[in-house]
Structure formats: C-alpha cells, structure tokens
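Peer 1: Need a 3D model of the following:
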Amino acid sequence: MTAILYPVAHDAEEALDRPLGRAARARQAGDIAAGAVRFVTEEVGPAFPSREAALDAYAGRLDDERPGKAAQPAPEDRYCQLREVIAASAAPPPAEPAFVAGRRWPKPPRKAPAHAFRLSISYWRIGSAEQQVAPVGQARTARRRSAAAQLSAEELRAMANQPLRPVRPQQPLEVGLFENPAPEAPHILIPDD
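Peer 2: Just a heads-up that it's a prediction; the model follows:
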C-alpha cells in the first residue's frame, strides 16, 4: 500500500500551489522543514455553488466519477478532499415554544440552508508547538464564563477537538432494595425476592 505524501508548507495556499516538499511521516516532514511541523486539515480556495463547478476547478486533484470526465489521482496524491459546507448566511431566529395542538415546538422551516463546496487540504504545517492554541477548558465550563462570547474561532475549534473528561470520578453503583451482596464475594449482588 502506498502512503499519502502530504505537502509541507507554511499555510494551506502554499501547500496547494508550491509546497517545500512532500512527506508521509512527521519525521520526514521535519527534515524537509528543518524544524517542527504539525499535521493540519484546512479549507482552501473559494466556495463553489455546485459540486460539478468545484470538480471542474480542481480537475486532477479529486476523484471524479462523472461520465466523460472520469479522473482519479494517484494513491500518494490523495491529500485533497471536497467538502460540502453551509454558505455564510444569517442565522435563523431562535424558535419559541408553541404548545399548540399537543406539540411543544413549531415545525421546522422546510427550506434547507444554502450550501457550497470547498476544497479541504491536509498538510504538514511548518511551525512550533507554541503556535498551537492552548487548551481553554471544556465547553460546559467555558460557556458559564462571562467572556464566553469573546472566544475566538481557534479556541472554539480547540474545545471541539479535545476529548470529554468527567466532572468527578464515577460513583459505585447503588445496591437496590431487593439486592444483597454475597457474603463470600461482596462485589457480587444477589437478587432477593
């Protein structure tokens, strides 16, 4: 199996057009960059109104199954991906509870939000670990802060990508009314009728 050779660059535009080199592993990318690198995936280029328009603009970089235009990049060149994203538009107003005819919430609007297609590229970004956003805590605690509305996009992405941690250690299971621990093995509960 051939490994994907990801571009080594300072930003997504450079990775798409003129990378310093390409590497499959972090060590190889670090040798090319002569410094620290980290693996990132970012959107690049304009948004296209249709999938066909995006495939025409990035011909040869993406899998294209359309009749007459079929193309498939080499296995080591599969570092680009086409993603469907919601186009920038005003957010809908929050729904108010209705309590009409036994329903609490009104029916959602039938019109789907406008969408667009953007190219997403995975590459080795040149830079040290200090450039990464420091963890800002979990979302459930950050949203209670008074400065929650001023969080930057990088801080929100960092919160979304970190694993959830428990608030406190899990407590042992309670013994029910009709369950008793076995005398010879207290970790086993015996149902009592």
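Peer 1: okay, CA-based contacts and neighbour counts for the rest of this
Peer 2: Will do.
Peer 1: Need the residue closest to the centroid of this structure.
Peer 2: The chain has N161 as the residue nearest its centroid, 6.8 Å off, counting by Cα atoms, centre = their mean.
Peer 1: what separates that one from G176, distance-wise?
Peer 2: Counting by Cα to Cα, to the nearest Å, the gap between N161 and G176 amounts to 39 Å.
Peer 1: Kindly report the same for E76.
Peer 2: Counting by Cα to Cα, the separation of E76 from G176 is 59 Å.
Peer 1: okay, the two: which has more neighbours?
Peer 2: E76 (15 against 10; other Cα atoms under 10 Å).
Peer 1: So what's the gap between the least confident helix or strand in the chain by mean pLDDT and the chain middle?
Peer 2: Within the chain, no helix or strand scores below helix 139-142, which has a mean of 74 by mean pLDDT, DSSP states H and E. Relative to the chain's own centre, helix 139-142 is displaced by 18 Å; criterion: Cα atoms, centre = their mean, to the nearest Å.
Peer 1: domain ranges for the chain?
Peer 2: If you go by automatic domain parsing, the domain ranges for the chain are 1-89+111-127, 133-161.
Peer 1: and the last one, how far from the chain's centre?
Peer 2: Relative to its parent chain, domain 133-161 has a centroid offset of 15 Å by Cα atoms, centre = their mean.
Peer 1: do the first one as well
Peer 2: Offset of domain 1-89+111-127 from its chain centre (Cα atoms, centre = their mean): 15 Å.
Peer 1: And for S122, the neighbour number?
Peer 2: By other Cα under 10 Å, the residues close to S122 number 20.
Peer 1: From what I see, it and V40 are in contact.
Peer 2: Yes - if you go by Cα atoms under 8 Å, S122 and V40 touch, sitting 5.7 Å apart.
Peer 1: before we move on, which element is A158 in?
Peer 2: Element membership of A158 [criterion: DSSP states H and E] is helix 153-161.
Peer 1: Which strands or helices does that helix pack on?
Peer 2: Identification of packing neighbours for helix 153-161 by 3 or more Cα pairs under 8 Å, 6 or more residues apart in numbering; DSSP states H and E yields no helix or strand.
Peer 1: Thank you, goodbye.
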